[in-house]
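> Give me a model of this one.
(one chain, ligands or ions: 1)
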Amino acid sequence: MSADAIIGLQWGDEGKGKIVDLLAREADYVVRYHGGNNAGHTVVLGKKKYFFRLIPSGVFHKNTHVIIGGGVVLDPEVLISEMDILESEGINLKKKLIISPRAHLILPYHKELDIAYEKARGKKKLGTTKRGIGPAYSDKVSYNGIRVYDLSDWKSFEQKFKFQAGVKNKILNAFGVKPININKSLNSLKKQRTRILPFIKDSFEILNDALAKRKKILFEGAHGIMLDLDWSPYPFATASNTVVGGLNTGAGLPPKSLNNVIGVLKAFTSRVGEGPLPTEIYGRLANAIRERGTEYGTTTGRPRRIGWLDLEAVRFSCAINNVNEIVITKLDILSGLIEIKICTGYRLNGKKVRYSECGYKELEKVKPVYKSFPGWIEDISAVRKFSNLPPECKNYLKFIKKFLGVKIKFVSVGAERNANIKIS
Ligand code: IMP
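The predicted structure follows:
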């Protein structure tokens, strides 16, 4: 039996897409279990670059099936645009894609509400992706959600949609925002429904059967652990559980069936949106790292904030998820820096404090304790063996491994599938 999870150990954008795509080569199933099209994954195949927000990254592999699990919030418009791209590349999705009827739909009013709330927050905005994620999940927990399941019965879907859209339009009106056009939305949804219906199938029995047959299943985490709804410095979170606990609720995996938890760790830190980032750096250094690493949001295009690697936060991520292997990404971006820092702990008012003990106000004030490392000047993007790395680079990796007490599976030094250094 092999059910592995791949999760981002920081604030998202760790480069999970490439890693899932790589490890999915041997997978029978790749499963998304939470979040929506606020996530963005880039896969580079030869000269072509693909961006996916919903469809799991392993979709290009011949024998891999991809599942959108019940914990996901699904925007039908975005899903169909991704299906179009894949089908134009000759991929037969009918044989590959399964969508859980339990997934909740992101509907036009969710997107408008997300925008309206952010605008109303003014300077206190959260910096959401404005994709309707929070409003869709809040409808789910207040029993006002409409699920993929509801698409199967158009009459009842129409009734539910009209009721919900009517209520939401009153809220939009209170915000001074133009209400959504209910009939126009219904016309689009009717067309989208026909496209989606053939892919709807509950995934529980499929995965349960796959586990019994010892098939390989890969769970693709979205975002990062520091954005978990319950374990982040709320409200600077995303609306789903990014911790591996989300696998049980979002995909029906019995917890003891999980073998490996592979954490993806970028060699430095980035964050999009508002909220505390204890190791944030500014100015020329941050700009240089941002440009070299193309640190701009895949979903929104926003420039990402940049910081030194924060091992105090990552130590928490490894512990709460029982991470047993890590993949380090974008190490090549750090080439050419004279000094590189790693945060090994926080101090608040002169006292040691842990990441998990801090709310957002404390995290804004903590002073990172840094360990400084000499940098390396060599371009390492063509290196494929650990022994060929500059000694300063090896030291950086050895320190991370020792500090976290976790094996490094491999290090990624470029966007291409083969730009990796195996560490054994
Ligand atoms: P939402 O998920 O759109 O509601 O946004 C809430 C917060 O999570 C914002 O700070 C977003 O920038 C952040 N966020 C959501 N998804 C991702 C992701 O995949 N990568 C990085 N940040 C994300």
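
> Just list the residues touching residue 201, thanks.
98-101 (CB atoms under 8 Å, 6 or more residues apart in numbering). Placement of C-beta: from N, CA and C, glycine included.

> Go back to these and keep what's next to the ligand.
When CB under 6 Å from any ligand atom is applied, no member of those is adjacent to the ligand.

> Most neighbours among those residues, please name it.
For the contacts of residue 201, the largest number of neighbours (other CB atoms under 10 Å) sits with residue 100, at 28 neighbours.

> if I look at the closest residue in space to that one that isn't next to it in sequence, how far off is the ligand?
Spatial nearest neighbour of residue 100, excluding adjacent residues (CB to CB, 6 or more residues apart in numbering): residue 70 at 4.1 Å. Going from residue 70 to the ligand by CB to the nearest ligand atom, to the nearest Å gives 18 Å.

> will you turn the contacts of residue 201 into CSV that also has secondary structure, distance to residue 28 and pLDDT?
Output for the contacts of residue 201, formatted as CSV (DSSP: H, G, I helix; E, B strand; the rest coil; distance: CB to CB, whole Å; pLDDT from 0 to 100):
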residue, secondary structure, distance to residue 28, pLDDT
98, strand, 12, 98
99, strand, 17, 98
100, coil, 17, 98
101, coil, 21, 98
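
> how about those residues, which pair is most distant?
98 and 101 (10.3 Å; CB to CB).

> Quick one: name the residues of the stretch 251-400 of the chain near the ligand.
272-273.

> at 8 Å what do you get?
Residues of the stretch 251-400 of the chain lying close to the ligand by CB under 8 Å from any ligand atom are 271-275, 297-300, 302, 304.

> Now, of those, which are buried?
Buried members of those, scored by 16 or more other CB atoms under 10 Å, are 271-275, 297-300, 304.

> Out of those, list just those in strands.
residue 271 (DSSP state E).

> would TSV of the buried ones among the residues of the stretch 251-400 of the chain next to the ligand with distance to residue 84 and pLDDT be doable?
Formatted as TSV, the entries for those read as follows, by distance: CB to CB, whole Å; pLDDT from 0 to 100:
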residue	distance to residue 84	pLDDT
271	31	96
272	26	93
273	29	89
274	33	94
275	34	96
297	22	85
298	18	77
299	18	74
300	21	79
304	28	96
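
> What is the nearest of the buried ones among the residues of the stretch 251-400 of the chain next to the ligand to the ligand?
residue 273 (2.2 Å; CB to the nearest ligand atom).

> Is there proximity between the host helix or strand of residue 85 and the ligand?
According to DSSP states H and E, residue 85 maps onto helix 76-88. No - if you take CB under 8 Å from any ligand atom as the test, helix 76-88 misses the ligand, and the best it gets is 12.9 Å.

> any idea of the mean pLDDT in that helix?
For helix 76-88, mean pLDDT rounds to 96.

> Can you point out the buried residues in that helix?
76, 78-79, 82-83, 86.

> can you give me the helices for the stretch 101-250 of the chain?
108-121, 133-141, 154-174, 182-196, 204-212, 246-251 (DSSP state H, counting those that start in this stretch).

> Report the buried residues of the second one.
Which is helix 133-141. Result for helix 133-141 [16+ other CB under 10 Å]: buried residues 133-137, 139-140.

> Dump the helices of the stretch 101-250 of the chain into a markdown table; add distance to residue 319 as well.
Listed next are the helices of the stretch 101-250 of the chain as a markdown table, based on distance: least, CB to CB, whole Å:
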| stretch | distance to residue 319 |
| --- | --- |
| helix 108-121 | 32 |
| helix 133-141 | 26 |
| helix 154-174 | 40 |
| helix 182-196 | 39 |
| helix 204-212 | 26 |
| helix 246-251 | 16 |
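
> Any idea which of the ones you listed gets closest to residue 61?
helix 204-212 (15.5 Å).

> List the neighbouring strands of the helix-or-strand element of the chain with minimal mean pLDDT plus their orientation.
In the chain, no helix or strand scores lower on mean pLDDT, DSSP states H and E than strand 41-45, which sits at a mean of 78. Strand pairing for strand 41-45, using DSSP bridges, gives strand 48-52 (antiparallel).

> quick one: average pLDDT of the strand it pairs with?
So the average pLDDT for strand 48-52 ends up being 87.

> Is that strand positioned near the ligand?
No - judged by CB under 8 Å from any ligand atom, strand 48-52 stays clear of the ligand, getting no closer than 11.6 Å.

> Other residues contacting that strand?
Contacts for strand 48-52 (CB under 8 Å, 6+ apart): 17, 40-44, 59, 82, 85, 298.

> In CSV, list the C-alpha atoms belonging to it.
Once non-C-alpha atoms are left out, strand 48-52 reads as follows in CSV (Å, rounded to 0.1, in the frame of the first residue of the first chain):
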residue,chain,number,x,y,z
LYS,A,48,5.7,24.6,-22.9
LYS,A,49,4.5,26.0,-19.6
TYR,A,50,1.1,25.0,-18.2
PHE,A,51,-0.7,26.7,-15.3
PHE,A,52,-3.3,24.7,-13.4
